[in-house]
Structure formats: structure tokens, C-alpha cells
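Student: Just need the structure, nothing else, for what follows:
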Amino acid sequence: MSNYTPTFNGAAKDAAHSVGSAAELDTEFALIQTMSTTKADKATPAATNNIATLSASGNLQDGGKLLPTGDIVGLSDTQTLTNKTLTSPIITGTTFPSFFAYKSGDQNVATTSVTKITFNNEEFDVGNDLSSSVYTPLVAGKYYLHASARIENFTADEQINIHIYRNGLLVRSSLIHSPGTVVNPQVSCVIAADGVDDYFEVFIDSTSDASFDVMGSLITCFCGHWVGP
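Tutor: Take a look at the predicted model:
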């Protein structure tokens, strides 16, 4: 519009306007209508209990899905999830117990009775739960445990047994008949721990050979890790 000079002195402003052609007025009126329509389209939809989404044109609309109940969980919050399905979750900020210990010196066994194997070196101990060859995890749940030993100076064709004990009682065992004087018995299991005072140890014995050596080696080891609640 040409020569459009608005003033703001009350009623006198109407006399001060100088307007252009009818076409320019039509253009301005169409622009005002467009602005009004767009504003109406982008108005907030009626309140519901559903999640709001954006339409293809960028307008707010009812998403058709109910808002979740309970508090919103932030980065520093915790919340118990009940009957929820987690698809490919990534868990951060939590360290789960695990350990690997091995023997660095030979240990002579001079009896057919069960004898505790000692492990005097730790490669790692997440949780600091291994002490004096006794593993006492302080997180409740199921644990994978594994023990093995390199045995030398053994009598061929005799039976040797390796055991995992919990709280002083046998819970898992494995046996092997030695084809020669060197043998490598091992045992693995998944077992529960209460996370308070359950403890685990490794023992070995032979049914008839009363003298053999448990060798210092990475093969003679005790290891494990938490696998779940």
C-alpha cells in the first residue's frame, strides 16, 4: 500500500490515513486472514490424558496414547519398574562383582581327604569380595563360578575330584580318571548367593592317591561373576 502513514492520536488517525488501490487492500486483508487461520490451527488442543504429538504440518495433536503413570525418571533418579519390557537396554553406572584368582606356588596334598586349594594371586577382584581364597560376594543373585587345577605327580588311572563349597558344604563337584601323572580337573556352576554372608571355596581330593601336587599356574584358578538376580 502506498502513502500509508498511521498516526496514534485517537479519532484523528482515520483522517490521516492515505490508502492505496483496492488490489493492495485485498492483498492486506488476505494476509490478515491467513495469519488468523494459522494461529487458530496451532492452538493448543483440548486437554486429555494422552501424549501430544506434532502433525505433518507441525501442529499439536492428540497422539492417542495415554501418558505414563508415576513420576518421570531423570538422570539422577531411581524408580522401580514393574511388569515393564526393556528392549535392548543399556545399563550404565553399575559395577557387578567379578573376580579371577590363580595360584603362583605349588601345593602338596598328602592325604585322600578333601583339601582346600589356595589362590594367592588376584588378576582382578571387582567388589573386593575375595579374601584368603574365600569368595564372599556382597550383591545378592546368581553367580557363575569356575575352578580348575593342574595336578602333577599323580597316580595314573586314579580318580581325582574337584569341588566348590558354599558355607562349608559341598554344592558342586566334578571327577576325572587320570590317564597319566598330569591331570587338569575342573568344575563350573551357576549358583545363588544371598549377598550377605554366603561364601565359596574350592577343594580337591583323590579316592586313593595320598600324595600329589597342585601346581602354581594360571590353570589352577578360581573365578566367577554375577549373572543376574
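Student: Tell me how far the host helix or strand of Ser173 lies from the chain's centre.
Tutor: Assigned by DSSP states H and E, Ser173 belongs to strand 169-177. Centre-to-centre, strand 169-177 and its host chain are 32 Å apart (CA atoms, centre = their mean, to the nearest Å).
Student: name the helices or strands packed onto it?
Tutor: strand 159-166, strand 186-193 (3 or more CB pairs under 8 Å, 6 or more residues apart in numbering; DSSP states H and E). From N, CA and C alone the C-beta is placed, and that goes for glycine too.
Student: quick check: mean pLDDT across stretch 53-72?
Tutor: On average, the pLDDT along stretch 53-72 is 74.
Student: ok, back up a step: report the strands that pair with the strand holding Ser173, each with its relative direction.
Tutor: strand 159-166 (antiparallel) (DSSP bridges).
Student: distance between the strand it pairs with and the chain's centre?
Tutor: Using CA atoms, centre = their mean, the offset of strand 159-166 from its chain centre is 32 Å.
Student: Now do that strand against strand 186-193, angle only.
Tutor: Relative orientation of strand 159-166 and strand 186-193, computed by axes from the mean of the first three to the mean of the last three CA atoms, to 10 degrees: 20 degrees.
Student: hmm, who's touching strand 159-166?
Tutor: 114, 145, 147-149, 151, 154, 170-178, 183, 185-187, 189, 191, 193, 198-209, 212 (CB atoms under 8 Å, 6 or more residues apart in numbering).
Student: avg pLDDT for it?
Tutor: Per-residue scores along strand 159-166 average to 96.
Student: Please give me every residue in contact with the nearest residue to Ile164 once chain neighbours are set aside.
Tutor: Spatial nearest neighbour of Ile164, excluding adjacent residues (CB to CB, 6 or more residues apart in numbering): Arg172 at 4.4 Å. By CB under 8 Å, 6+ apart, the contact list for Arg172 reads 145, 163-164, 187-189, 191.
Student: Just the buried residues out of these, in PyMOL syntax.
Tutor: Filtering the contacts of Arg172 down to the buried ones (16 or more other CB atoms under 10 Å) takes a single PyMOL command:
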select buried, resi 145+163+164+187+189
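Student: which one of the contacts of Arg172 is nearest Ile51?
Tutor: Ile191 (44.5 Å; CB to CB).
Student: and the closest one, how far is that from Arg172?
Tutor: 7 Å (CB to CB, to the nearest Å).
Student: returning to what we had before: and the buried ones among the contacts of strand 159-166, selectable in ChimeraX?
Tutor: Those of those that count as buried under 16+ other CB under 10 Å are selected in ChimeraX with:
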select :145,147,148,149,151,154,172,174,178,183,185,187,189,193,198,199,200,201,202,203,204,205,206,209,212
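Student: Please name the nearest non-neighbouring residue to Ala210.
Tutor: In space, Ala210 is closest to Thr112, 5.1 Å off (CB to CB, 6+ apart).
Student: Who is Gln107 paired with across the strands?
Tutor: Bridge pairing for Gln107 - DSSP bridges - gives Val214.
Student: quick one: contacts for Gly224?
Tutor: Contacts of Gly224 by CB under 8 Å, 6+ apart are 98-99, 135, 143-146, 200.
Student: do that again at 6 Å, thanks
Tutor: 143-145 (CB atoms under 6 Å, 6 or more residues apart in numbering).
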